[in-house]
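In: sharing a sequence plus its predicted fold:
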Protein chains: 6
Amino acid sequence: MRGLLVGRFQPFHLGHLSVVRRLRTQRPDESLLLGVGSAQASYTLDNPFTAAERQEMIVRALETERISGWTAVPIPDIHRHALWVAHVAELVPKFERVYTNNPLTRTLFERAGFEVEATPMFDRERFEGSSIRRLLREGSEGWRDGVPPAVAEYLVELKATERLRAIAPGS
Amino acid sequence: MRGLLVGRFQPFHLGHLSVVRRLRTQRPDESLLLGVGSAQASYTLDNPFTAAERQEMIVRALETERISGWTAVPIPDIHRHALWVAHVAELVPKFERVYTNNPLTRTLFERAGFEVEATPMFDRERFEGSSIRRLLREGSEGWRDGVPPAVAEYLVELKATERLRAIAPGS
Amino acid sequence: MRGLLVGRFQPFHLGHLSVVRRLRTQRPDESLLLGVGSAQASYTLDNPFTAAERQEMIVRALETERISGWTAVPIPDIHRHALWVAHVAELVPKFERVYTNNPLTRTLFERAGFEVEATPMFDRERFEGSSIRRLLREGSEGWRDGVPPAVAEYLVELKATERLRAIAPGS
Amino acid sequence: MRGLLVGRFQPFHLGHLSVVRRLRTQRPDESLLLGVGSAQASYTLDNPFTAAERQEMIVRALETERISGWTAVPIPDIHRHALWVAHVAELVPKFERVYTNNPLTRTLFERAGFEVEATPMFDRERFEGSSIRRLLREGSEGWRDGVPPAVAEYLVELKATERLRAIAPGS
Amino acid sequence: MRGLLVGRFQPFHLGHLSVVRRLRTQRPDESLLLGVGSAQASYTLDNPFTAAERQEMIVRALETERISGWTAVPIPDIHRHALWVAHVAELVPKFERVYTNNPLTRTLFERAGFEVEATPMFDRERFEGSSIRRLLREGSEGWRDGVPPAVAEYLVELKATERLRAIAPGS
Amino acid sequence: MRGLLVGRFQPFHLGHLSVVRRLRTQRPDESLLLGVGSAQASYTLDNPFTAAERQEMIVRALETERISGWTAVPIPDIHRHALWVAHVAELVPKFERVYTNNPLTRTLFERAGFEVEATPMFDRERFEGSSIRRLLREGSEGWRDGVPPAVAEYLVELKATERLRAIAPGS
């Protein structure tokens, strides 16, 4: 059995880590696919990091935490929502269960006959990609509280603050 | 350190398995990326199997052989050769070395500054995707000699012979 | 002679119905093409319904009203405005006249040498796709007043309110 | 109930006409969708005519024969076979049955859960698009025997022989 | 040696002209490539003019000013920022130096190993594409102050005010 | 007035040079656009050189010959023949006349209302891209006779023989 968790992981944060840890603990026999969505996108405000960089974050965070039994797979956008599930199912190894809290993702997978489960909840306010990207861009140190230490270190290597300011210099 | 081996794996055969085994043995500290090329293609004579199915073959074959330390990543075509290396480098986790016997792949990666090594040789005549696809289509049992047992079993599940005949019914 | 009326029909509403009825009455010898624009789009706030669903709405509404002499044709976006008219003209059967109240559509067709007519006016405030989509999403029953009964019934079948809320859960 | 017949109709010939007539006669309550495949292609040896022109052929041929109860819908290629059925199902009005003699088309639709029927047979040797295109290009009058008179007249209007020679001037 | 200046030139204004003149004067031995970005776009608020029209503006303005030693090259978007520099470098003749004041453009070119220089400054408030497009749309004559006379004349030929109002009729 | 000569220039050879020279001599008041077709393609047997490299060849050859009054413009393929002329006309500066000996190119431009002229003839057997590419691949020195000296020098810089062999190692 395989389960699929789709995210954009911009960046991979503590909320993601917490979900992955619980799924691996609660379902030790199910291998977990981490679908890296919008894989073609990078250097934009919503998608500052490349798929390569996002997979690097996942590898570093999960190896540090000694979590195994997962595989990350880049999934480029197809820009046609009604075909998106067929696109995903063709691109990643076969999966039987989907984890998501996104209502549209749920709708599209259920329409295609997949079993969908909500992901275990985490403190959404603090661990949300958009807030972390905003903090990174402002250069406030607060962003470090939102990501695993291995990701924080990598974001410094990537000069993430500089990158986000180059993308959105205004204000 | 990571190494990248790009192939289409149509299907994943004993030649591929032999290369992966040697690379994992000779370079135990280097993790191996298996780039599944032409990932968008399927149900054609040259690319009968989907990226999902090809990853399934790899998982089954390598788990049976208890080979670890690798990750398979689907790589769709970009249809612009001069951008292909940049496309790959953006899509898969960072790698430092490339393994290939294909002269064009070598040329493109060297032009982009990557270190390229020839893959350990195997009996190319018997273990070649095109021959195996031809045998599969003819329904001759000979194809079984070219693939790992776990892949053979999976190809039967997929009704590979029927599929190849539907793709190319002629003669 | 053929006339072309391009719309997105998200959904097909009473304004559209009124225009089609008048054109069929005033020009009984001209067959009418209903170009279903942005045909590739669905499951977004502006384009919640697939091209298949939008054609179904048109068929049901016009058959109920016993209006004949029309054909619906899906037209995917080409994302290059200067080529859009050539794209349409290549995709749908030959037409001599274009009906539109959209200034850009008018500009593009006139630039390509087509005769363009304004569509007969209808009460735009009540019969506008965006208002109907908003009402649908709010779950207010008011949306029923904007669409033909056959479309209303179909939107219930499609669980349109649920779909729009899944697309845009906020607020 | 709706049935779908997919073809490229390059050009619409007597074999197509014969299939459409029988389906309309045998299943008078089922409306028939004529999916005009490879709709984006034109001015190539295999696809000399635009989707607009191919729909014109169908309209002229079927109106001459007073056959009703059908709709032609252009279907552009998606260049990903594993997504093709989902692409078609999203683009054309809902259908329950598929008519085809093409083994790959059958395989792809059956895999997606559709009911597939072989089309009534016709004299394939004489009524085949590729033979008619070859005769057209050679300027031999034999091509007239393969198409309905209304299509023959239209092909003359289109200067089909000149077009095919411009596409493939060689030999 | 060649230098590359990338812009969208919507329209080509006095700021652009001033930069080109200074670069041609200060670096007489370096030929200058004017990369016309977003070349596929037109008839939108941000990109009202086609690549053909934008090149026409450049030709007329620079010939009037008797500035030589430059070449304009259209560059369509690639919609993948991480590949954009490779895309540009493959499409335009080889260049060694890049001129830009845009922080993201600078970041992407530096990341790819190019030498990047800020362009000589000009009065940005008056000579900015977005302001000129706004003035054009309002029909206020002020836009004439922002563009070279040859461009002003051409914009009148193109009926630029009418076009911008057709694109954005509101308010 | 502008004239357009479209070619792929793989590579730019003496036949091309001869045509350009005559057009510049016979029509000194007409500026000449050299449309570099299939601009997105490279590293294939039919299109070994990038658009950047092909423009470089043109610049070197024509500057050596002191031929002025031309501009090279890359034109990517659009993969839809019926839209190709509209695509070209949107991408390159306005032109009134087209030079071509290709029957399909002639047909497409005439259909769009352009004036088309045959290019002055040259010894096609010796000066043809495909023959030169074959000779280059074989490593026979004969290819030097087909291209201007400046292009020959550049092809050596590019290691063209090695590249063609990497693309097509067989036989």
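Out: Yep, that arrived.
In: now the strands for chain A?
Out: Assigned by DSSP state E, chain A shows strands spanning A:2-7, A:31-37, A:70-75, A:97-99, A:115-117.
In: what's the angle from the second one to strand A:2-7?
Out: Orientation of strand A:31-37 against strand A:2-7 (axes from the mean of the first three to the mean of the last three C-alpha atoms, to 10 degrees) gives an angle of 30 degrees.
In: strand A:31-37 and chain B in contact?
Out: No - contact of strand A:31-37 with chain B (C-beta under 8 Å from any C-beta of the partner chain) is absent, the minimum separation being 8.8 Å. No exception for glycine: its C-beta is placed from N, CA and C like everyone else's.
In: contacts for that strand?
Out: Outside strand A:31-37, the residues that touch it by C-beta atoms under 8 Å, 6 or more residues apart in numbering or on different chains are A:1-9, A:20, A:23-24, A:51, A:54-55, A:58, A:69-75, A:77, A:88, A:92-93, A:95.
In: check contacts around the closest residue to chain C within chain A.
Out: Closest residue of chain A to chain C, C-beta to the nearest C-beta: residue A:81 (3.5 Å). By C-beta under 8 Å, 6+ apart, the residues touching residue A:81 are A:104, A:108, C:41-44.
In: now do it, the pLDDT please.
Out: Looking at residue A:81, its pLDDT stands at 96.
In: buried ones in stretch A:163-171?
Out: A:163-167 (16 or more other C-beta atoms under 10 Å in any protein chain shown).
In: ugh, wrong one, I meant stretch A:15-34
Out: Buried-residue list, stretch A:15-34, by 16+ other C-beta under 10 Å: A:15-20, A:23-24, A:30-34.
In: and stretch A:42-60, by the same measure?
Out: A:42-43, A:47-60.
In: stretch A:87-96 now?
Out: Those would be A:87-93, A:95, for stretch A:87-96 by 16+ other C-beta under 10 Å.
In: which of those are close to chain E?
Out: Within the buried residues of stretch A:87-96, nothing lies near chain E by C-beta under 8 Å from any C-beta.
In: okay, now the unreliable bits of chain A?
Out: Counting by pLDDT under 70, chain A has low-confidence residues at A:121-127, A:170-171.
In: which residues of it fall in helices?
Out: Counting by DSSP state H, chain A has helices at residues A:14-26, A:51-64, A:81-91, A:103-111, A:129-138, A:149-157, A:160-167.
In: give me the angle between the third one and strand B:31-36.
Out: For helix A:81-91 and strand B:31-36, the angle between their directions (the same axes, to 10 degrees) works out to 120 degrees.
In: likewise for the last one?
Out: In terms of direction (the same axes, to 10 degrees), helix A:160-167 departs from strand B:31-36 by 30 degrees.
In: list the helices and strands helix A:160-167 packs on?
Out: Packed against helix A:160-167 by the contact rule (3 or more C-beta pairs under 8 Å, 6 or more residues apart in numbering or on different chains; DSSP states H and E) you find helix A:129-138, helix E:103-111.
In: wondering if the shortest one reaches chain F at all.
Out: It refers to helix E:103-111. No - on the criterion C-beta under 8 Å from any C-beta, helix E:103-111 is out of touch with chain F, staying 15.4 Å away.
In: now do that helix: distance to the chain's middle.
Out: Offset of helix E:103-111 from its chain centre (C-alpha atoms, centre = their mean, to the nearest Å): 18 Å.
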